[in-house]
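1. Here you go, sequence then predicted model.
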Amino acid sequence: MRRWSRVVARSALALLVVGGVASPGSAAAAAKPLPQQWWFTSWGVQDRLWPSSKGQGVTVAVIDTGVQSALPDLSGVVLPGMDAEGGGGDGRTDVDRTESNGHGTAMASLIAAQGRGTGLLGVAPNAKILPVVAQSKPAYAKGIRFAAGRGAKVISLSQAVAGPCPADLQEAVTYALGKDAVVVAGAGNDGNGSNSSMSPANCAGVVAVGAVDGQFRPWAKSQRQSYVTVAGPGVQTSAILRDGKVSFGNGTSDATALTSAAVALVRSKFPNMSNREVVQQVIGSAMDVGPRGKDDQTGFGFIRPYRILNGTVPKSGANPVFDAYDRMAKNAQKTEAPAAGDGPKGGADMASVIVLAAWAGLGAVLIVVMLFVVMRRRKKGRPAPVGPVPGATPSFGAPYPPQGPGPHGPGPQGPGPQPGYQQGYPQQPPQPGPPHGPPHGSPQGPPPGGLPPQTYQDIPQQPPQ
């Protein structure tokens, strides 16, 4: 899902930066991000995020094309994973041979690159990467289950396939949420084209991410769908390919990986915060950057992880992602539950069976008594009775007593029609403006062809469109 601008690869500038700040074997803590990594300025990564968290203790699953773990920038970061497509590997070799030339490696570098080879740094350099090779919906489902079972607290899917969320994929997401994972997926890259609904982004419980540039303007190709939750950096983003070179690209893939890295920082600092609470905090941190309120291209807006780490996001805010998931799960339970009138398992029918059994038992006793009386009268020469014995059960063909509740009791048994699952999210009220005062720090250089990036403190509120 990454749209490569190609080809800015290991430029003289990058080599100068590498030589100056990241000699082989140097710690990531001593390195500085490349000048084109504008999100470091926008988020205040070095001076505001890293003093609180670098992602230590958190595993981020990257479900993609695998990760080239032998690269110096990813040395010691990548755990053994799996090939969900049946290739037999452990995910630590990137199998991408397309124009992207290492999509999974690029996503992993945005999350946890160490700056040892190219100078490029990930937002969560102390996190671990669990690589999963998966390029189809069935493989996504297998990969999500694998990652959740291995303890990944963040599952990142920079993937998008047109069509509704299939049942096995939704079940895998449900399994991961039950394991306390946060599932993040790209919204899609054809918003200015067919603008199809994409999975896994449209699966219930998934944080779907759109893309914005360094001025927080929505990327033209970012999907316009009601499932979009938030937006992240996704325009003129630099990442490392499987051959170890740096390249620029655009896409919701990059926005997804960087958002996953920010979530890893939160999960590292607050290990006891549930996935449900983390998602609520991510949504609550967002700054409205599109049309006023929640919109279909940037969701609730550009996420601001610093607000989560410093505790300024209210804990009582809305959580439409899990609200939608809860509705889906509730409707699924109602669909699977047996109707009250379907056979003996229904409560009213079981009561009817018990009543019938009691009547049958009483009838049998009365028949025995009647036979006894007839036999005694025959012995005495009296005629046998021609009508039913008073109190005896009706003969075959007579109606049984009415079953179930009468006209004044409850209505028809069994649940009525259930409302369909609605995936749309409620509109968010306008967000308060950012703190006043000068921006913290100076920009480290604009993204190529763009304006200097805004920082987390001088983000302007965009007027309604």
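-> Looks like it came in fine.
2. Past the helix or strand of the chain with the lowest mean pLDDT, which element shows up next along the chain?
-> In the chain, no helix or strand scores lower on mean pLDDT, DSSP states H and E than helix 12-21, which sits at a mean of 36. The helix or strand immediately downstream of helix 12-21 is helix 39-43, counting by DSSP states H and E.
3. what about the strands in the protein?
-> 3-4, 59-64, 82-83, 128-133, 154-157, 161-162, 182-186, 198-199, 207-212, 228-233, 237-240, 246-250 (DSSP state E).
4. Output those as TSV; include the columns distance to V321 and mean pLDDT.
-> For the C-beta atoms, the positions are set from N, CA and C on the backbone; glycine is no exception. Output for the strands of the chain, formatted as TSV (distance: least, Cβ to Cβ, whole Å; pLDDT from 0 to 100):
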stretch	distance to V321	mean pLDDT
strand 3-4	26	50
strand 59-64	18	98
strand 82-83	27	98
strand 128-133	22	98
strand 154-157	14	98
strand 161-162	20	96
strand 182-186	9	98
strand 198-199	15	98
strand 207-212	6	98
strand 228-233	6	98
strand 237-240	24	98
strand 246-250	25	95
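5. Dump those into TSV; add distance to N101 and mean neighbour count as well.
-> Shown next, in TSV, are the strands of the chain (distance: least, Cβ to Cβ, whole Å; neighbours: other Cβ atoms under 10 Å):
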stretch	distance to N101	mean neighbour count
strand 3-4	8	19
strand 59-64	13	30
strand 82-83	19	22
strand 128-133	16	28
strand 154-157	19	33
strand 161-162	21	16
strand 182-186	18	31
strand 198-199	23	26
strand 207-212	20	30
strand 228-233	21	29
strand 237-240	11	28
strand 246-250	8	23
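6. In JSON lines: those, plus distance to G293.
-> Shown next, in JSON lines, are the strands of the chain (distance: least, Cβ to Cβ, whole Å):
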{"stretch": "strand 3-4", "distance to G293": "28"}
{"stretch": "strand 59-64", "distance to G293": "31"}
{"stretch": "strand 82-83", "distance to G293": "41"}
{"stretch": "strand 128-133", "distance to G293": "36"}
{"stretch": "strand 154-157", "distance to G293": "27"}
{"stretch": "strand 161-162", "distance to G293": "27"}
{"stretch": "strand 182-186", "distance to G293": "22"}
{"stretch": "strand 198-199", "distance to G293": "23"}
{"stretch": "strand 207-212", "distance to G293": "15"}
{"stretch": "strand 228-233", "distance to G293": "13"}
{"stretch": "strand 237-240", "distance to G293": "27"}
{"stretch": "strand 246-250", "distance to G293": "26"}
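7. So which of those strands is nearest R304?
-> strand 228-233 (10.0 Å; Cβ to Cβ).
8. who touches that closest one?
-> For strand 228-233, the external contacting residues (Cβ atoms under 8 Å, 6 or more residues apart in numbering) are 38-39, 42, 187, 201, 207-214, 216, 218, 222, 254-256, 258-259, 262, 282-283, 286, 289-290, 295-303, 320-321, 425.
9. Contacts only, for the closest residue to T229 other than its chain neighbours.
-> Among residues not flanking T229 along the chain, G299 sits closest, at 4.5 Å (Cβ to Cβ, 6 or more residues apart in numbering). By Cβ under 8 Å, 6+ apart, the contact set of G299 is A208, V209, G210, V228, T229, V230, A231, A286, Y425.
10. Identify the bridge partners of G299.
-> D295 (DSSP bridges).
11. Next one: it relative to G87, how far apart?
-> 34 Å (Cβ to Cβ, to the nearest Å).
12. same deal with V45?
-> In terms of Cβ to Cβ, V45 sits 35 Å off from G87.
13. Quick one, grab the pLDDT at the residue nearest to T229.
-> G299 carries a pLDDT value of 98.
14. and V45 and G87? which has more neighbours close in?
-> Using other Cβ atoms under 10 Å as the criterion, V45 and G87 rank with V45 on top: 25 against 13.
15. Distance check, that one against A124.
-> 10 Å.
16. Please apply the same query to A201.
-> The spacing between A201 and A124, counted by Cβ to Cβ, is 22 Å.
17. and those two? which has more neighbours close in?
-> More crowded of A201 and A124, by other Cβ under 10 Å: A124, with 32 against 29.
18. What are the phi and psi values at that one?
-> Note on A124: backbone dihedrals following degrees, to the nearest 10 are phi -120, psi 70.
19. excluding its backbone neighbours, what's nearest it?
-> According to Cβ to Cβ, 6+ apart, the nearest residue to A124 is G55 (3.0 Å).
20. if I pick the one you found, what's in contact with it?
-> G55 neighbours (Cβ under 8 Å, 6+ apart): A112, V123, A124, P125, N126, A127, A261, A264, L265, S268.
21. what do you get for D296?
-> Neighbours of D296 in contact, by Cβ under 8 Å, 6+ apart: R224, Q225, S226, V228.
22. Can you tell me, leaving aside adjacent residues, what's nearest to the last one?
-> So that's V228. Counting by Cβ to Cβ, 6+ apart, the residue nearest V228 is G299, at 4.3 Å.
23. L177 contacts V207, doesn't it?
-> No. Taking Cβ atoms under 8 Å as the definition, L177 is not a contact partner of V207, at 11.0 Å.
24. shared neighbours, those two?
-> Common neighbours of L177 and V207, counting by Cβ under 8 Å, 6+ apart, are V183.
25. number of nearby residues for R327?
-> 16.
26. Give me the pLDDT for it.
-> In this prediction, R327 carries a pLDDT score of 96.
27. can you tell me how far it sits from V321?
-> Remark: distance between R327 and V321 (Cβ to Cβ) = 11 Å.
28. before we move on, what about I308?
-> 15 Å.
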